[in-house]
Every structure is written in C-alpha cells, then in structure tokens.
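Participant: What follows is a predicted protein model with its sequence.
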There are 2 protein chains.
Amino acid sequence: MATLKDVAKLAGVSVKTVSNVVNGYDFVKPENRKRVEEALASTGYRPNLGARNLRRGRTGFLGLMLPELSIPYFGELAGLVLQAAQEHEWNVLIEQTLGTRERERNALSALGPHLIDGAIISPEALHTDDFGDLAPGVPLVMLGEHVVDVPIDHVGIDNVQAARIAVRHLISLGRRRIAAIGAHPQRHTAAQRLEGYHFALEEAGVAPTPELVLPALRYHRANGAEAMAHLLALPEPPDAVFCFNDLLAIGALRAAAERGVQVPSDMAIVGFDNNEESAYSLPSLTTIAPDKAAIAQAAVDLLRRRIAGGSDLAPEDVQTPFSLEIRNSTIA
Amino acid sequence: MATLKDVAKLAGVSVKTVSNVVNGYDFVKPENRKRVEEALASTGYRPNLGARNLRRGRTGFLGLMLPELSIPYFGELAGLVLQAAQEHEWNVLIEQTLGTRERERNALSALGPHLIDGAIISPEALHTDDFGDLAPGVPLVMLGEHVVDVPIDHVGIDNVQAARIAVRHLISLGRRRIAAIGAHPQRHTAAQRLEGYHFALEEAGVAPTPELVLPALRYHRANGAEAMAHLLALPEPPDAVFCFNDLLAIGALRAAAERGVQVPSDMAIVGFDNNEESAYSLPSLTTIAPDKAAIAQAAVDLLRRRIAGGSDLAPEDVQTPFSLEIRNSTIA
DNA sequence: TTGAAAGCGCTAACAT
DNA sequence: ATGTTAGCGCTTTCAA
C-alpha cells in the first residue's frame, strides 16, 4: 500500500506538496500538481484514515445504538441514518443492545470518544444515572425515548398527539370500546402514547376502561398476539385496538384471525410505525407513519451542529412530522 | 482524555510498563502492576484505538456490504453478523448498495485496506471484472451469490437442493401446475433456484410450463403481487407458486387475497428466507429457512482464517444448513 | 522486568 | 509555493 512518502518520492516533491494536493489545497504549482496527480494515480494511493484521523483528532465514525436490526423499524431507520451520514462522509458503527439496560450502558461507554465523533442512540431501558459515567465530550443525539432530565439533543415525533389522532380515528368510525396494547411501566414513549389514548377517549366523552389497557413487555409480534388473545377472552371484548407499534398490531391481527374475529368489522386495529410489511398484511394495517427519513436527517444534522459548535449549545428537541396512514384494518 | 503517558507519569513508571499491563503481558512486578492499575482506574484510561491500530497495522473493523437494511433478510442477517463479529472484538461497518452494480463497485473500492481488516459482501449485480480493480490484500467473503470464477471464500446454502425440496413439497401435496416467481437473467441464485424448481418437476414427471415461470426485477413485495396478478389472469392459472424469496411470496399472498383466491386450497404458496414476518402472515408462509446465524458465523470464521492465514489459502465454499418450514400457505 | 526511543502515516506549524 | 519536521497515541525492539 502506497503512502504519502512513496508518492512524494515518485513525484519528486515533498510530502507536504502531496498532502496539499490530496487535501485540495489550492496553491500548488500546476506542474507539481500534475506530477503528483500522476504519481497518485500510478500508485493507486489511498489515504490511511486511521493515521489521518489520529492527526486530525477526529475519527470519521458515527455510532448508532439501537435495540436490534432485525426489528423492522430499526432496520429501516438504520438504513436511512447510513444514507444521511454518508452525505457527510461519515461511516456508521452500529451497536445492538437488544433493549437491555446492561447492554445499553456498555454500548454507551464502549462508544469512546476515540472511536466515534458522535452517536445517535435509541435507548429503551437506560436510566438517567447511566449518563453519568458516560465519556464526556461525545456528542449525543437521542431518538424516540426522551429522558427529560438528561440535557442532550433529542429527535422524535409528538407521541401524545400521534396516539390521540390514531384513537380519534377509531372513535370517528363509531368505535367506543377501544383497547390499548403496549403499556409499559418504564418506557417513556409508552407513557406518552397512553396519554394520547386517554386524551382522545376523554375528548370524545368515552369513559376509560382499565381492563382494556394491556401491557407488553416487549414490542414483538408474539406479544401482540398474546395481548389480543387476552382481550378476546374478556366477557365483553373491545371493538377496536390501538397498538403501540406495528409488530404488536400484526400479532393482534393474527390472534384475531385465529379466533374467527373479522377485522375491521368486528374489530378495528391501528398500529404505530408504518413498517413496510404493514402495507401488505391481510388486512393492511392502519398506522401512524412517522417520517423516518426526517428523523434520520435531523439526527445527523443535530450531531453535526454539536460537533462543530461544542457543548455550550442548549439541547434541542426536534419534532419530526408524522401522518395517519388509513388502511383496511380500520376501514374495509 | 488520559493517554498512556499520563498514566505512566501518575504511576511513576514508563509507558512500556503501562502498555504491558493494559495488554495483559504477564511479567510485570506485582507492585508496579498495582500502581498502574490504580492509575488506570483513577484516570479512566481508554486506549485510543486509532493509534493502536495504526501501530498494529490492523483496523479493528469489518466491512459488511449488502443491498439494504430495510430488507428483512438483510436486517436479520446484519444483526447476526454484528453479534458474531463482536465476539472477536470487531466493529462492523455497513455499506448499503441498493443492489446496483455502480454502488457495489464503489463500496468495494471504498472498503480500502486501511479502513477494514476484511469484508463480508452480499453482491447482487457485481460482475467478475469488478473484482479486478479491487484493493488486493483485503480478505473477502462472499454471501449468497456465487460468482464462480472469482477465487474468494463463499458462504451460502445449496440453492438448487433447497428449491427442489420446496417444489417437491408442493408436488407431494398433489399440486401439478406449479409456477415460479423470481427468475432473473443476471442473478446466480435465481438461476440455481430455477434449476431446483425444474429438477423437482422433472423427477415428478411434470412437464415444465414456460408461461408459469415469471421474472422479477426486484425481490420486493410489490413485484410478487404483480407477478401473482399476472398468473391469476392466465387462462389456466397455477395451483401453486414457488417464490424465490419471502417478500415476493407476501406480495403474492396479497394479490391472491385481493382476487378472492383461497390460499392454500386454491393456491399453495412457498417462499424462501423465512423472514420473521412470514410466521405471522395470514396465512402463515411455508418457506425455506436458511440458518442465518450459521451463515453469519461461518462468514466471520472464514474471514478470521484468511486474515490470519494470508492469501495463499485456497478459496473455500461453506454450505450452511437450511430446512423447510411448513406452514399454512401450503397446508391448512 | 523495565526504560528509552523509533516509527506506524498523516497533518500542519514553521521556515524558506 | 514547498520543504522540513514535530507529534497525534500507541506498540515493540533493543538495551540495560
């Protein structure tokens, strides 16, 4: 592998001149520039990024901490973050945490400042205190969950409002016995979506029914199926369900089908996330569709701002748009 | 950020001794070891990986080139590769190509030897010649597609056999008019699966019907729906379809449902990949289930072997196991 | 067992 | 406009 020195020797100039050419410094004698460019081409020179970054004091990497790539929402999001980062010549290092606090803490401290210039994190179980032993100086952007008392940048949608719109849609369809699947004692987003759910019920004058609010330990398809099975075994089952994500909804859809419950006539279902698969389920899923590209873009932009601007900037909270995607799980 | 030097000064020893402790070198005087460990702890020292790797001549990174993280198969696979790589203290750098030759070539040359120790690539459109201008010296493992005349390691399943088993399953169910969705002029795996399809028909004494073999430009849900719509418009539609991946099958499922065609009674459907979502579709999808964890593991192992052993080793071809997952899209 | 020092490839301050 | 050189933080050879 050719080094700057090799190229310099071949072109008969100093490393400085070669470095100047490589880095697009303007003031190089045309003749020298030409010789250098030829030498560059003939050696197939490629800068050693490790060395460059060592010298520059940056790494060229962004960290992306998320629960699991196999979860559609995160797979889709990660793809978009990769694209947004690529536009600024950042490579992205993905760290999977499986949503456990233990691994989230590890990831947080593993993302040392030597390895990355900044990180986008999508925590699920992290506590406020976990940010204490964090390597300082690593710019962070938090996605989704919003741990309020940690002063870092945040990108997400208005979960309360989104949930409210989802449930309002069910109410507009004449449903009154509306369940919720996905309550979770620790998760902030769960609390917000639950709040939106209650909000919508209240503004429609529907009394809340605690037995219709089901928890979900994890937000996988199996959990949704389980919860729906439970609801259908109730003396008086609901006529609609708002699921806190699409996977829960897909699971609910299956549990309903297995029991011969017709969706949407007997039971309307709304999800959250707009996974690609949700447009193809049978019936297709009505869901809240966050603008994932906007989330990825905002996260990368926020990181750039903070890497450039330093830690004295006040933490920002960017709200990205979303929409309600109406499909056949609520309207035949 | 504390450096080795800082720690050495604090502990009153040389950097060498600190380095010895950090790297687990055994022969350090217990007393010094203790002092160093204390200094390490009190400074919160973290090695600068860039510097370490610069010195060691390795980077600590693995490249992973794939079409798109939002495609479930690749999302799931990427997650498993990350896990396998983590066991050997490798970070993984993911490069998305969207399956275009252009971007696959770029990715290949971008994965310079300075950046990564080796790469796992899952090409879709790459030609043999594209490997020519490849930075040499970068150990490569190819997944899925098997460009035969490029001498690099390969991991995959026996596609011919898998397809044969899938179609044989349909035949065992009494189906005789069996379509295939996913033919593609350039893709090697498509050719193999088609071969297995023909193989199974032949050994059952079923005459092949060219009009039942449908191409798919891309392997997305929409393409499957389109192809199925085409098949159902035929004067004599098939009674079964073998789709070259699960996304095509999910699309086919939907197109069938939209036209009131009952699956599996009127039409049996088999997929390929065993995406997580396929266990939850309605009906659930019978599919070929490759052992993705085994693929990820084998790829990382092969890379380790080659990074250690050099380029003189003969290219290996590892076949990983798979199974036929029978669900309700073929048997009610 | 440990210290001193070279050097990985690069950038940039300084000198010319 | 370009050459010389220090030094980023680390590992490792050589000497002691």
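Facilitator: Done, it's in. Numbers count the residues shown, from 1 in each chain, chains lettered A, B, ... in the order given.
Participant: contacts, neighbours, all on C-alpha from now
Facilitator: OK.
Participant: Can you classify A:I165 by secondary structure?
Facilitator: Here A:I165 is recorded as helix under DSSP: H, G, I helix; E, B strand; the rest coil.
Participant: who touches it in this structure?
Facilitator: A:196, A:200, A:324 (Cα atoms under 8 Å, 6 or more residues apart in numbering or on different chains).
Participant: Not counting its own residues, what contacts stretch A:218-237?
Facilitator: For stretch A:218-237, the external contacting residues (Cα under 8 Å, 6+ apart) are A:177, A:181-182, A:212, A:214-217, A:238, A:243-245, A:247-256, B:280.
Participant: If we ignore the residues flanking it in sequence, what's nearest A:F322?
Facilitator: Leaving out its chain neighbours, the residue that sits closest to A:F322 by Cα to Cα, 6 or more residues apart in numbering or on different chains is A:P290, at 4.1 Å.
Participant: Can you give me the pLDDT of the one you found?
Facilitator: Per-residue pLDDT puts A:P290 at 98.
Participant: Pull the number of nearby residues for it.
Facilitator: 23 (other Cα atoms under 10 Å in any protein chain shown).
Participant: mind checking how far it is from chain B?
Facilitator: 15 Å (Cα to the nearest Cα, to the nearest Å).
Participant: I figured that residue hits A:E325, correct?
Facilitator: No: between A:P290 and A:E325 there is no contact under Cα atoms under 8 Å: 9.8 Å.
Participant: pretty sure A:L282 is in a helix, no?
Facilitator: No: assessed with three-state DSSP, A:L282 is coil; it does not lie in a helix.
Participant: Would you quantify the distance from it to B:H198?
Facilitator: Distance, A:L282 to B:H198, by Cα to Cα, to the nearest Å: 31 Å.
Participant: same check, this time on A:L10
Facilitator: 58 Å.
Participant: Next: A:P72.
Facilitator: From A:P72 over to B:H198 (counting by Cα to Cα), the distance is 34 Å.
Participant: out of these two, which sits in the more crowded spot?
Facilitator: With neighbours defined as other Cα under 10 Å, A:P72 and B:H198 compare such that A:P72 has more, 25 against 21.
Participant: thought A:L49 was touching B:A110?
Facilitator: No: look at A:L49 against B:A110 with Cα under 8 Å: they stay out of range, at 11.5 Å.
Participant: Point out where the stretch 1-150 of chain A drops to low pLDDT.
Facilitator: Along the stretch 1-150 of chain A, segments meeting pLDDT under 70 span A:111-113, A:132-137.
Participant: So which of the contacts of stretch A:218-237 are in helices?
Facilitator: A:247-256 (DSSP state H).
Participant: Can you tell me the SS state at A:V13?
Facilitator: coil.
Participant: That one: what's it in contact with?
Facilitator: A:32, A:36.
Participant: OK, contacts around A:N20?
Facilitator: Counting by Cα under 8 Å, 6+ apart, A:N20 has contacts A:26, A:28.
Participant: Could you report the separation of the closest residue to A:A296 other than its chain neighbours from A:L66?
Facilitator: Spatially, and ignoring its direct neighbours in sequence, A:A296 is nearest to A:V81 (4.8 Å; Cα to Cα, 6+ apart). Separation of A:V81 from A:L66 (Cα to Cα) stands at 12 Å.
Participant: Count the residues that sit near whatever residue of the stretch 101-250 of chain A ends up closest to DNA strand D.
Facilitator: Closest approach between the stretch 101-250 of chain A and DNA strand D, counting by Cα to the nearest atom of the strand: A:H114, at 8.3 Å. By other Cα under 10 Å, 21 other residues sit near A:H114.
Participant: likewise A:E31?
Facilitator: 9.
Participant: Which helix or strand contains it?
Facilitator: Assigned by DSSP states H and E, A:E31 falls within helix A:30-43.
Participant: Does DNA strand D have contacts with that helix?
Facilitator: Yes: shown here: helix A:30-43 in contact with DNA strand D (Cα under 7 Å from any atom of the strand) through A:30-33.
Participant: Please pick the buried ones from these.
Facilitator: Neighbour-count burial (16 or more other Cα atoms under 10 Å in any protein chain shown) applied to the residues of helix A:30-43 next to DNA strand D gives A:32-33.
Participant: Out of the residues of helix A:30-43 next to DNA strand D, the closest to A:N106 would be?
Facilitator: A:R33 (47.7 Å; Cα to Cα).
Participant: Is the residue of the stretch 201-332 of chain A found nearest DNA strand D in a helix, a strand, or coil?
Facilitator: As assessed by Cα to the nearest atom of the strand, DNA strand D sits closest to A:I307 within the stretch 201-332 of chain A, at 17.6 Å. Following three-state DSSP, A:I307 is assigned to helix.
Participant: Can you tell me how far it is from DNA strand C?
Facilitator: Per Cα to the nearest atom of the strand, to the nearest Å, A:I307 is found 16 Å from DNA strand C.
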